[in-house]
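> I'd like to go over a predicted model; first the sequence, then the structure.
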Amino acid sequence: AQKITQTQPGMFVQEKEAVTLDCTYDTSDQSYGLFWYKQPSSGEMIFLIYQGSYDEQNATEGRYSLNFQKARKSANLVISASQLGDSAMYFCAMREAQDGTASKLTFGTGTRLQVTL
Amino acid sequence: DSGVTQTPKHLITATGQRVTLRCSPRSGDLSVYWYQQSLDQGLQFLIQYYNGEERAKGNILERFSAQQFPDLHSELNLSSLELGDSALYFCASSVAPAGVADTQYFGPGTRLTVL
C-alpha cells in the first residue's frame, strides 16, 4: 500500500478563493509527523507546514492550514485566499518513528495547483 | 531561501562518467539528507548523515556514495552514470538526527542530465 496518497494530480482555483489539497497516509505508528512542501516551477522544495500525530490542534501557518483527521488518516492542506504565486506542485510527506531512525521523509506523488485570474 | 546551498545547479554529462554533487547545510544543522526526484520514481530518500556519520540508507544504488565532512558539508558521488540517473537531486538538512517533528529544509537541487 502507498504510504502517502495524493489523489488529485491537478487542481484549479480562482484567485482569492480557498482550495483544499487532499492527502491520506498509511502507518501503524502512533508517533509520526506530516509535512507539506511546495515546489514551484523553478524546482526548489519549500517547507510549508507541519502536523504531529499527537497534536490536538490543527496546524496553521499564515494562509496555510492543515485539516488533520487522525481517525481517517488524512492531512489535507487548505490554502486560503489563493494568489497567483501559489501555482506550484504540492507534496504531502510523512516521517515515521517505526523505521527506527525516523530519518526519511516519504512523499506522495504531488498535486499540481494552478491559480487562475 | 532555506539556507541550504547546493552546487552545481545544473550538470550535463555522458553515460559512464562520474560526478560529484555538493551540499552545505543550514547553519546549526547537523543532519544532511539526499533525495532523488525523477519522473518515474517521484521523490526518493537516498541517504542521511549526521555529524559526519552515516545514519540511514534508503534506495541508494551501489554506484552512488556520499560523505559528510568535518565542516558538515556533504558530497554525493554518482559513478558509472546511466541514462536513468537523470534526475533532480536534493540535499536537505535538519537539526536533529531523528524525530518525527524534525523539519527537513531543502536546497535548490542539482539537475543532472545524463546523455
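Arrived safely, thanks for sending. Residues are numbered from 1 along each chain as shown, chains lettered A, B, ... in the order given.
> Contact residues of chain A facing chain B?
Within reach of chain B by Cβ under 8 Å from any Cβ of the partner chain, chain A has these residues: A:31-33, A:35, A:37, A:42-47, A:50, A:52-53, A:91, A:93, A:95-97, A:99, A:101-107, A:109-110. Quick note: C-beta positions are derived from backbone N, CA and C, even for glycine.
> Select only the buried ones of the residues you listed in ChimeraX?
Restricted to buried positions by 16 or more other Cβ atoms under 10 Å in any protein chain shown, the ChimeraX selection for the residues of chain A next to chain B reads:
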select /A:31,32,33,35,37,44,45,46,47,50,53,91,93,95,96,97,101,102,103,104,105,106,107,109,110
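> what are the bridge partners for B:Q67, then?
Counting by DSSP bridges, B:Q67 forms beta bridges with B:E75.
> where are the low-confidence patches of chain A?
Across chain A, the ranges flagged by pLDDT under 70 are A:1, A:98-102.
> The same query, at a cut-off of 90, please.
Applying pLDDT under 90 to chain A picks out residues A:1-2, A:29-31, A:96-104.
> By mean pLDDT, flag the weakest helix or strand of chain B.
The weakest-scoring helix or strand in chain B, judged by mean pLDDT, DSSP states H and E, is strand B:53-57 (a mean of 92).
> What strands flank that strand, and is each parallel or antiparallel?
Partners of strand B:53-57 in the sheet, by DSSP bridges, are strand B:42-50 (antiparallel).
> Identify the residues contacting the least confident helix or strand of chain B?
A:99, A:101, A:103-104, B:31, B:45-49, B:66, B:68, B:97-98 (Cβ atoms under 8 Å, 6 or more residues apart in numbering or on different chains).
> Now with 6 Å, please.
Contact partners of strand B:53-57, identified using Cβ atoms under 6 Å, 6 or more residues apart in numbering or on different chains, comprise A:T101, A:S103, B:I47, B:Q48, B:P97.
> Stretch A:8-28 too?
Identification of contacts with stretch A:8-28 by Cβ under 6 Å, 6+ apart yields A:1, A:3-7, A:73-82, A:90, A:92, A:94, A:96, A:111-117.
> Give me the buried entries from those.
Neighbour counting by 16+ other Cβ under 10 Å classes A:4-6, A:74-79, A:82, A:90, A:92, A:94, A:96, A:111-113, A:115 among these as buried.
> can you tell me which of the residues you listed are in strands?
Mapping the buried ones among the contacts of stretch A:8-28 onto strands (DSSP state E) picks out A:4-5, A:74-79, A:90, A:92, A:94, A:96, A:111-113, A:115.
> can you give me the strands in the chain?
If you meant another chain, say so; for now it's chain A. A:4-5, A:10-14, A:19-21, A:24-25, A:32-39, A:46-52, A:60-61, A:64-69, A:74-79, A:88-96, A:106-107, A:111-116.
> ah, no, chain B please
Counting by DSSP E, one finds strands in chain B at the ranges B:5-7, B:10-13, B:19-24, B:31-38, B:42-50, B:53-57, B:64-68, B:74-78, B:87-94, B:105-106, B:110-114.
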